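Colleague: structure, please.
(one chain, ligands or ions: 2)
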Amino acid sequence: MIRIENVVKRFPGGQEALSGLNLSVDKGEMVFVTGHSGAGKSTLLRLIALIERPTSGQVIVDGQNTGRVSRRRIPAYRRQIGMVFQDHKLLYDRPVFDNVALPLIISGAQHRDAARKVRAALDQVGLLKKEKQKPETLSSGEQQRVGIARAIVSKPKLLIADEPTGNLDPDLSLEVMRIFRRFNEVGVTLLIASHDIALIDQLGCRRIALENGTVQVEEEEDVVAEYAERLEHKGQQESWR
Ligand SMILES: Nc1ncnc2c1ncn2[C@@H]1O[C@H](COP(=O)(O)OP(=O)(O)O)[C@@H](O)[C@H]1O
Ligand SMILES: [Mg+2]
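Modeller: Ligands and ions are numbered 1, 2, ... in the order given. This is a model prediction of the structure:
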């Protein structure tokens, strides 16, 4: 679903966010991108969303080489990808329903068809009863779920999320991840940037660690240390039961 080949992204100031990145994500996978602040996670997601273009290298999404997507075709390209951000970028003067309907309205959907899709999306994130409320009357977890409903309302095959639980406490974070997992179970491919390792380990998904703009090569001792950490984490989980 995603293939990143030798991607370099250098910004005009000379800052290199990605330095020869290679990775791939298969159809139907749910994968996390981890790494310290500044590792290049957001840049990677922005290249996939065609918010940025690489300096060199290839970004191939669902068989399309994004380098060949012209500026005019970017909106159509983006419609196949659901995007979730840490700050939900909701319209605060509009009810939940309108926020979720936005991508459908932009793509010219019929009102009745749109209403059905909006309600289906709200149902999937457990917010069907809140469609008339303004986002500011919702909790931060609920607001994030509105953002997720909006991202999936057009039934994208691929969902990318940039630190979607960055502002949420652990319980709400797990709830959001469970929603993502349910999408994954019905075939959506997910690529999620997060540095919440404990949460990711609970989900047992593949993890790609970035460091200074490339995939981190794990040293043997790191692998052993991580294994020990996981065992300890597992022990803690079991003692909570
Ligand atoms: N628009 C930009 N202009 C200049 N430098 C940028 C820009 N966006 C990101 N960077 C730099 O690229 C590096 C990677 O950033 P980013 O992809 O946001 O990392 P992460 O999301 O992992 O924290 C950082 O050093 C950051 O300062
Ligand atoms: Mg980031």
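Colleague: neighbouring contacts of stretch 171-183?
Modeller: With contact meaning Cβ atoms under 8 Å, 6 or more residues apart in numbering, stretch 171-183 is reached by 30, 124-126, 139-141, 144-145, 148, 152, 159, 161, 164-165, 168, 190, 192, 196, 199, 202-203. Backbone N, C-alpha and C define where each C-beta goes, glycine included.
Colleague: how about the helices in this structure?
Modeller: Secondary structure of the chain by DSSP state H: the helices cover 41-48, 74-78, 96-106, 111-124, 140-152, 170-185, 197-203, 220-240.
Colleague: who's in contact with the residue nearest the centre of the chain?
Modeller: Nearest to the geometric centre of the chain sits Ala161, at 1.5 Å (Cα atoms, centre = their mean). By Cβ under 8 Å, 6+ apart, Ala161 lies in contact with Met83, Val84, Phe85, Ala151, Phe180, Leu190, Leu191, Ile192, Ala193.
Colleague: next one: Tyr77
Modeller: Counted by Cβ under 8 Å, 6+ apart, Tyr77 has contacts Leu50, Gln64, Thr66, Val69.
Colleague: and with 7 Å instead?
Modeller: By Cβ atoms under 7 Å, 6 or more residues apart in numbering, the contact set of Tyr77 is Leu50, Val69.
Colleague: these two touch, right, Lys157 and Val61?
Modeller: No: assessed by Cβ atoms under 7 Å, Lys157 is found out of contact with Val61, at 9.6 Å.
Colleague: who's more crowded, the two?
Modeller: Val61 (24 against 15; other Cβ atoms under 10 Å).
Colleague: kindly report the residues of the chain close to ligand 1.
Modeller: Proximity of the chain to ligand 1, by Cβ under 6 Å from any ligand atom, involves residues Phe11, Gly13, Gln15, Ala17, Gly35, Ser37, Gly38, Ala39, Gly40, Lys41, Ser42, Thr43.
Colleague: what about the chain, any weak spots by pLDDT?
Modeller: 218-223, 234-241 (pLDDT under 70).
Colleague: and the residue of the chain found nearest ligand 2, how many neighbours does it have?
Modeller: At 3.2 Å from ligand 2, Ser42 is the closest residue in the chain, using Cβ to the ion. Neighbourhood size, Ser42 [other Cβ under 10 Å]: 19.
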